[in-house]
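Undergrad: the following comprises the amino acid sequence and a computationally predicted model.
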Amino acid sequence: MFSHLVNILANAKWSQNGVTISGGNGRGNATNRLNWPYGLFVDDDQTVVIADTWNNRIMQWKNGDTANGQVVAGGNGVGNGLHQLGHP
């Protein structure tokens, strides 16, 4: 496993070109909603991965896809089955 901490300067400036990929519709379990998102990861291809804790799933959005995310792990209720997660 690889972990890397990034030091961002206090006076750093960011381009304001963000895109909403999920949210704005309230909590829920549809693929365009999250329920207590906990972790976020963006890979080199700009794919966004979010741990959707209370939906017991890991969601993924490919770069440019702002419609609906894809469940890549869990999403079948809380549990210890191969197709389940417990509040990731």
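TA: Nice, I can see it.

Undergrad: for the residue located most distally from the centre of the chain, give its distance to S22.
TA: Among the C-alpha atoms of the chain, the one farthest from their average position, using C-alpha atoms, centre = their mean, is that of N11, at 27.0 Å. Counting by C-beta to C-beta, to the nearest Å, the gap from N11 to S22 is 30 Å. For every residue, glycine as well, the C-beta is placed using N, CA and C.

Undergrad: over to G77?
TA: 20 Å.

Undergrad: between these two, which one's more packed in?
TA: Taking other C-beta atoms under 10 Å, G77 and S22 do not tie; S22 has more neighbours (19 against 13).

Undergrad: need the three-state assignment for the more buried one.
TA: Using DSSP: H, G, I helix; E, B strand; the rest coil as the criterion, the local structure at S22 reads coil.

Undergrad: I figured it hits Q60, correct?
TA: No - between S22 and Q60 there is no contact, the gap being 10.7 Å when judged by C-beta atoms under 8 Å.

Undergrad: appreciated, that's everything.
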